[in-house]
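Undergrad: Model the structure of this input:
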Amino acid sequence: MPGEKYVLLKYTDYTKVPDSNFINSKADTVKAFSATGSSITLSDSFMSDTLAVYRCVKETK
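TA: Next up is the predicted model:
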């Protein structure tokens, strides 16, 4: 939703992706952003023999 703040969390090990309490988890990468529209496109490169799991959650601060 435009104007809302979100956090994009990236995990490189699927066994470490939590079922809840995402903001306090130990994500490998954390990117905070404010929505400017109904969608956003981000680029992230990683090796083809690795895994990347993403979770986008509304910022709670």
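
Undergrad: tell me the phi and psi of the residue nearest to residue 60 when sequence neighbours are not counted?
TA: Counting by CB to CB, 6 or more residues apart in numbering, residue 60 lies nearest to residue 23, which is 5.9 Å off, once chain neighbours are set aside. For every residue, glycine as well, the C-beta is placed using N, CA and C. Note on residue 23: its backbone torsions stand at phi -60, psi -30 [degrees, to the nearest 10].

Undergrad: my guess is residue 23 contacts residue 8, does it?
TA: No: Residue 23 is beyond contact range of residue 8, at 11.5 Å (criterion: CB atoms under 8 Å).

Undergrad: give me the number of residues near residue 28?
TA: Other residues lying near residue 28 total 12 when counted by other CB atoms under 10 Å.

Undergrad: OK, contacts around the closest residue to it other than its chain neighbours?
TA: Closest residue in space to residue 28, ignoring its immediate chain neighbours: residue 12 at 4.9 Å, by CB to CB, 6+ apart. Each residue near residue 12 by CB atoms under 8 Å, 6 or more residues apart in numbering is listed here: 28, 46, 50-53.
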